[in-house]
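I would like the atomic coordinates for the input below:
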Amino acid sequence: MNAPLPPGPPPRFAHRASVDDIGSFTERIDVRSPGEYAEDHIPGALNLPVLDDAERAMVGTMYVQTSAFDARKAGAAIVARNIARIVETHVQAKPRDWTPLVYCWRGGQRSRALVHVLNEIGFGAVQLDGGYRAYRRHVVALLAQWPRQFRYRVVCGPTGSGKSRLIAAIAAEGGKVLDLETLARHRGSLLGDIPGAPQPSQKAFESALYAAFCRLDASLPTFVEAESRRIGRLQVPDALLEAMRASPCVRLDVPKRARVAMLDADYEHFARDPDQLSTLLEPLAKLHGKEVMARWQAMAARGERGALVDDLLELHYDPSYARAAKRNFPRLRDAGVVHVNGVDDAAFRAAARQLLDRIV
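Now for the predicted structure:
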């Protein structure tokens with residue numbers, strides 16, 4: 001007769017935890033399929049699926065077309081094999097006091113199976129009550145009211161004035177920032193897609209926002225770049241947008257030649273693909289006419305990026321910005337001005353220090 005396993009440490013949360021306890025766990029394990037995980041997951045969670053996408057689809061089809069009993073038998077065999085792999089590849093080196101939080105879609109069989117095996121070994125594994133679905137409801141509820149608890153300073157300025165650079169410089173100088181464009185992986189304009197960095201899903205964007213708010217300090221001002229309702233294809237939560245639009249502003253003052261230089265650097269990838277640039281500009285034909293569009297596309301084809309940027313700023317971006325800023329940020333007229341004397345990191349760090357000394 002085999003000797004029984006020694007008892008493990010007492011679990012801190014009696015094997016189940018609520019969404020309010022998520023921050024108590026240093027390791028979070030998402031056992032959902034890779035497709036579910038890719039759409040959104042708890043920030044920092046590691047994906048160790050007990051059913052991959054194909055296996056989950058197969059079991060689901062069997063559940064509908066054959067029977068729930070047969071589907072559970074087939075699923076149990078697959079889950080057992082995958083849990084064995086998880087134990088062999090991820091668990092072997094874990095110390096005795098390892099206490100991971102494990103979750104699936106709704107705190108059901110997938111996460112319960114792994115938690116059971118880990119606790120039988122002697123670890124203090126904990127299952128998230130309600131699973132990802134409970135976490136998602138928690139995020140939605142918080143983003144509906146949490147943004148109103150913070151004090152914002154909205155960084156305004158026309159296209160190319162270096163708002164994102166100033167946000168990064170403020171963070172580097174120790175200020176609190178909410179970098180929406182980094183979270184959205186988009187520069188916030190018609191041409192704002194970032195090569196090699198597709199935007200996250202709306203759910204993943206909101207999870208990133210939730211994690212960012214967890215790192216902020218409500219007693220200090222949070223600097224955020226002025227944004228429209230959408231950043232690329234992602235929507236800024238209403239509560240955050242409303243709070244930003246009611247907040248004091250700071251206005252970047254940068255010479256136009258510097259703006260052209262920064263935009264030329266930021267969008268350098270279009271030099272390798274002028275046809276893509278021409279295609280992306282096509283929606284502006286409705287606003288500016290075919291003749292202007294033909295001129296812009298010819299500039300793009302000839303590689304005249306500086307002249308094209310200058311023309312786009314004068315005819316499209318600056319007038320559009322002026323109208324949107326007047327409409328959406330009424331406190332901009334009272335904004336303090338931040339002057340940046342250069343386009344390099346040192347110039348923006350110096351401006352950030354002056355701004356923080358003045359406001360914080």
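
count of residues packed around the nearest residue to Ala324 once chain neighbours are set aside?
Closest residue in space to Ala324, ignoring its immediate chain neighbours: Ser228 at 6.6 Å, by Cβ to Cβ, 6 or more residues apart in numbering. Placement of C-beta: from N, CA and C, glycine included. By other Cβ atoms under 10 Å, 12 other residues sit near Ser228.

mind checking the SS state of Ser228?
Following DSSP: H, G, I helix; E, B strand; the rest coil, the label given to Ser228 is coil.

ditto for Arg153
strand.

all helices of the stretch 201-350 of the chain, in order?
202-215, 238-245, 256-266, 274-281, 285-302, 305-312, 318-328, 345-359 (DSSP state H, counting those that start in this stretch).

over to Cys156: give its phi and psi.
Dihedral pair for Cys156: phi -110, psi 160, per degrees, to the nearest 10.

might one say that it is in contact with Ile167?
No. The pair Cys156 / Ile167 is not scored as a contact, 11.8 Å apart, by Cβ atoms under 8 Å.

other residues contacting the worst-scoring helix or strand of the chain on mean pLDDT?
Within the chain, confidence by mean pLDDT, DSSP states H and E is lowest for helix 274-281 among all helices and strands, at a mean of 86. With contact meaning Cβ atoms under 8 Å, 6 or more residues apart in numbering, helix 274-281 is reached by 190-191, 270, 293, 296-297, 300-301, 303.

just the buried members of the residues you listed?
Among the contacts of helix 274-281, those classed as buried by 16 or more other Cβ atoms under 10 Å are 190-191, 270, 293, 296-297, 300.

identify, from those, the entry nearest to His339.
Nearest to His339 among the buried ones among the contacts of helix 274-281 is Leu191, at 26.5 Å by Cβ to Cβ.

which residues touch the closest one?
Counting by Cβ under 8 Å, 6+ apart, the residues that Leu191 touches are 267, 270, 277, 280-281.

how close does it get to Leu308?
Note on Leu191: its distance to Leu308, by Cβ to Cβ, to the nearest Å, is 11 Å.

what about the stretch 151-300 of the chain, any weak spots by pLDDT?
Filtered on pLDDT under 70, the stretch 151-300 of the chain yields no residues whatsoever.

spatially, which two of the contacts of Leu191 are the most separated?
Between any two of these (Cβ to Cβ), the greatest distance is 11.8 Å, for Tyr267 and Leu281.

buried set for the one helix or strand Ile167 maps to?
Ile167 is part of helix 163-172 when elements are defined by DSSP states H and E. Buried positions in helix 163-172, judged by neighbour count with 16+ other Cβ under 10 Å: 163-171.

including distance to Asp238, could those go into a markdown table?
A markdown table is the format used below for the buried residues of helix 163-172 (distance: Cβ to Cβ, whole Å):
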| residue | distance to Asp238 |
| --- | --- |
| Lys163 | 22 |
| Ser164 | 23 |
| Arg165 | 28 |
| Leu166 | 25 |
| Ile167 | 22 |
| Ala168 | 26 |
| Ala169 | 29 |
| Ile170 | 25 |
| Ala171 | 25 |
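
output stretch 142-158 in CSV with nothing but the alpha carbons.
Presented in CSV, the C-alpha positions along stretch 142-158 are these (Å, rounded to 0.1, in the frame of the first residue of the first chain):
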residue,chain,number,x,y,z
LEU,A,142,-14.8,49.6,-12.2
LEU,A,143,-14.2,51.4,-15.5
ALA,A,144,-17.7,52.8,-15.2
GLN,A,145,-16.9,54.7,-12.0
TRP,A,146,-13.2,54.4,-11.2
PRO,A,147,-11.9,57.0,-13.7
ARG,A,148,-13.8,59.8,-11.9
GLN,A,149,-11.8,59.3,-8.7
PHE,A,150,-8.6,60.6,-10.3
ARG,A,151,-7.3,64.1,-11.0
TYR,A,152,-6.2,64.5,-14.6
ARG,A,153,-4.0,67.0,-16.4
VAL,A,154,-4.8,66.6,-20.1
VAL,A,155,-1.9,67.2,-22.5
CYS,A,156,-3.2,69.0,-25.5
GLY,A,157,-1.5,70.1,-28.7
PRO,A,158,-1.9,69.8,-32.5
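
in that stretch, what counts as buried?
142-143, 146-147, 150, 152-158.

between these, which sits nearest Asp344?
For the buried residues of stretch 142-158, the nearest to Asp344 is Gly157 (17.3 Å; Cβ to Cβ).
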